[in-house]
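Asks: I'll drop the sequence and a predicted model, then ask my questions.
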Amino acid sequence: MNASASTRPDYSTYPRLTMAEARDAARQLIAMRGAGSTVDDVRLLSLQRFYAMEARLLDEERYQEWYELLADDLFYWLPLRQNRHRREGGDGADPDAMAFFDDCKADIAVRVGRLASGLAWTEDPPTRHVYVISNVEGFETGVAGELEVHSTFIQYRNRSEHDDATIVGRRRDLLRIAGDGYMIARRLVLVPQSVLLTKNLSVFF
């Protein structure tokens, strides 16, 4: 066994969700429509500050610090949206359909570990990122310490001279209050395209 293999984390011990738990989490995210009472201005300001800090961590590729913001029962979902007629209802996100990401915290750990390994040749030279987060709305959920938060994002990437991409979308989060900050327990990422016009998704939202 070489040195890199012997120091590789044992991802089998990292937090995971069962298939049933993941589907329940997906249905919970679909049901989050901002129906609760809006949070007060003090809470909203703290949410905006949290998202600005999170965006800066991702801009600067401080992925391990970002990882520490994730709850152990995280469900992180970027569904492959289906183009449906209006009469069919829904917004094209289906828990039983394919997804670009339907990750638990262990899956995120693998992706973060890959980027930190030095073996991700597509990230050398590194990609430069800019995240813009806006339209932040916070709602009470009826569960003490949990908040439903909606936001929009622009994620711009540039690598080398002629390689760039911009992804725009919306997020729905279930956040848990943790001291002066928050833990991300659920995240739904909705992008307008059913087919993403980008070369890769080596990125977090």
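Replies: Done, it's in.
Asks: drop to CA atoms for contacts and neighbour counts, all remaining ones
Replies: Noted.
Asks: all strands for this protein, in order.
Replies: With DSSP state E as the criterion, the chain has strands at 70-79, 99-103, 128-140, 146-159, 163-178, 181-190.
Asks: Out of those strands, the one nearest R86 is which?
Replies: Nearest to R86, of all the strands of the chain, is strand 181-190, at 17.7 Å by CA to CA.
Asks: and that closest one, how far out from the chain's middle?
Replies: Mean-position distance between strand 181-190 and its chain equals 6 Å (CA atoms, centre = their mean, to the nearest Å).
Asks: Can you list the buried residues in that strand?
Replies: If you call a residue buried by 16 or more other CA atoms under 10 Å, then strand 181-190 has these buried ones: 182-190.
Asks: Listing partners with orientation, what would you give for it?
Replies: Strand 181-190 has its sheet partners listed here by DSSP bridges as strand 70-79 (parallel), strand 163-178 (antiparallel).
Asks: how about those strands in a markdown table, adding mean neighbour count and distance to A26?
Replies: Shown next, in a markdown table, are the strands paired with strand 181-190 (neighbours: other CA atoms under 10 Å; distance: least, CA to CA, whole Å):
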| stretch | mean neighbour count | distance to A26 |
| --- | --- | --- |
| strand 70-79 | 22 | 7 |
| strand 163-178 | 17 | 11 |
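Asks: any chance of those in CSV, with distance to T141 and mean pLDDT too?
Replies: Output for the strands paired with strand 181-190, formatted as CSV (distance: least, CA to CA, whole Å; pLDDT from 0 to 100):
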stretch, distance to T141, mean pLDDT
strand 70-79, 17, 96
strand 163-178, 9, 95
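Asks: Just name whatever secondary elements the helix of greatest length in the chain is in contact with.
Replies: Ranked by residue count, the top helix of the chain under DSSP state H comes out as helix 41-59. Applying 3 or more CA pairs under 8 Å, 6 or more residues apart in numbering; DSSP states H and E, we find helix 41-59 packed against helix 63-67, strand 128-140, strand 181-190.
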